[in-house]
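Novice: Below: sequence and its predicted model.
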Amino acid sequence: MAFLLLETKSIGDCTLFFGTTWLVTMVVVAGVLVMVMAGNLVAARLRQFSFWMYLPLLASLLLPLVVSRETILAGDFSVRLLWALFVVPLPIFFAGLVFSTTFRAAKSPSAAFGANLIGAMLGGFCEYLGMVVGSQRLSLLVIGLYLGSLLMMRRAGHGTSVVPVAGGH
C-alpha cells in the first residue's frame, strides 16, 4: 500500500519540478525501475531481513519533508533532475530491500504475494487522499504505513541480522 502511494506521490512531486509532461512520467518511472532493480540486486546478496533496513527507508522518506520544495524549485534544471532521479525514488530502493528479503523468507509465498496485491489495491484507493489532504500529508501516511509494517514484522519475529550471502562479492 505504501509503495503505491509512494510512486503516486513521486509523480505528483516531480510534476511540481518539471510541469505535467511525458518527461515527468518517464523520469519517475525510470527512477522507480532503477531503484527496484538495484534493491533486488542488493537483496539477492543479503542472507536475511533485518530491522535495520527500516532506518534508511524512514530517513529517505523524511528527507523530502525536511528539504523544502522551494529549495529544489530554486535550483536549476540539473538540480531538479538529480533530485527527481535519485532522492524522490530512493525510498523505493530501501522498500525493495525490505520486501525482497521478507518475501524470500515467507512460509507461504502465494499468500504473501496476494497480501501485496491487496495492499497495492488499497494504495490505489488511497491515492485520492492526496487531493484531500495534500502531498505532504500523504508522505506522513506513507511513513505511518511503513512504521506499521515494521511493527508487524517485529511482532511476527522476523530475523534481526543481515549477513552477505556466502560467495557474494
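Specialist: That came through fine. Everything numeric in this text was worked out from a predicted model, so none of it was measured.

Novice: what about residue 140, distance to residue 53?
Specialist: Shown here: residue 140 relative to residue 53, a distance of 21 Å by CB to CB, to the nearest Å. Where you see a C-beta, it was placed from the backbone N, CA and C, and this is true even at glycine.

Novice: Which one's more surrounded, these two?
Specialist: Ranked by neighbour count (other CB atoms under 10 Å), residue 140 and residue 53 place residue 53 first, with 23 against 14.

Novice: Kindly check the end-to-end length of stretch 122-138 for me.
Specialist: Distance between the two ends of stretch 122-138: 14 Å, counting by CA to CA, to the nearest Å.

Novice: For the residue nearest the centre of the chain, give me its contacts.
Specialist: Taking CA atoms, centre = their mean, the centroid of the chain lies closest to residue 92, which sits 2.9 Å from it. By CB atoms under 8 Å, 6 or more residues apart in numbering, the contact list for residue 92 reads 3, 6, 7, 31, 32, 35, 36, 39.

Novice: tally of neighbours for residue 152?
Specialist: Neighbours of residue 152 (other CB under 10 Å): 10.

Novice: typo on my end, it should be residue 66
Specialist: 8.

Novice: tally of neighbours for the nearest residue to residue 126 once chain neighbours are set aside?
Specialist: Of all residues not flanking residue 126 in the chain, residue 5 sits nearest, at 5.8 Å (CB to CB, 6 or more residues apart in numbering). Using other CB under 10 Å, residue 5 has 23 neighbouring residues.

Novice: residue contacts, residue 5?
Specialist: Counted by CB under 8 Å, 6+ apart, residue 5 has contacts 123, 126, 127, 138, 141, 142, 145.

Novice: and if we set it to 7 Å?
Specialist: Contact analysis of residue 5 by CB atoms under 7 Å, 6 or more residues apart in numbering lists 123, 126, 127, 138, 141, 142.

Novice: now residue 43
Specialist: Residue 43 neighbours (CB under 7 Å, 6+ apart): 96, 97, 100, 101.

Novice: Dump the host helix or strand of the first one to PDB, restricted to CA.
Specialist: Residue 96 is located in helix 90-104, with elements delineated by DSSP states H and E. As requested, the backbone C-alpha atoms of helix 90-104 are provided in PDB (Å, rounded to 0.1, in the frame of the first residue of the first chain):
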ATOM      1  CA  LEU A  90      15.300   6.500  -3.100                       C
ATOM      2  CA  PRO A  91      12.700   5.100  -0.600                       C
ATOM      3  CA  ILE A  92      11.800   2.600  -3.300                       C
ATOM      4  CA  PHE A  93      15.300   1.100  -3.100                       C
ATOM      5  CA  PHE A  94      15.000   0.600   0.600                       C
ATOM      6  CA  ALA A  95      11.400  -0.600   0.400                       C
ATOM      7  CA  GLY A  96      12.600  -3.100  -2.200                       C
ATOM      8  CA  LEU A  97      15.200  -4.500   0.300                       C
ATOM      9  CA  VAL A  98      12.600  -5.000   2.900                       C
ATOM     10  CA  PHE A  99      10.100  -6.600   0.500                       C
ATOM     11  CA  SER A 100      12.600  -8.900  -1.200                       C
ATOM     12  CA  THR A 101      14.200 -10.200   1.900                       C
ATOM     13  CA  THR A 102      10.900 -10.800   3.700                       C
ATOM     14  CA  PHE A 103       9.200 -12.300   0.600                       C
ATOM     15  CA  ARG A 104      12.100 -14.700   0.100                       C
END
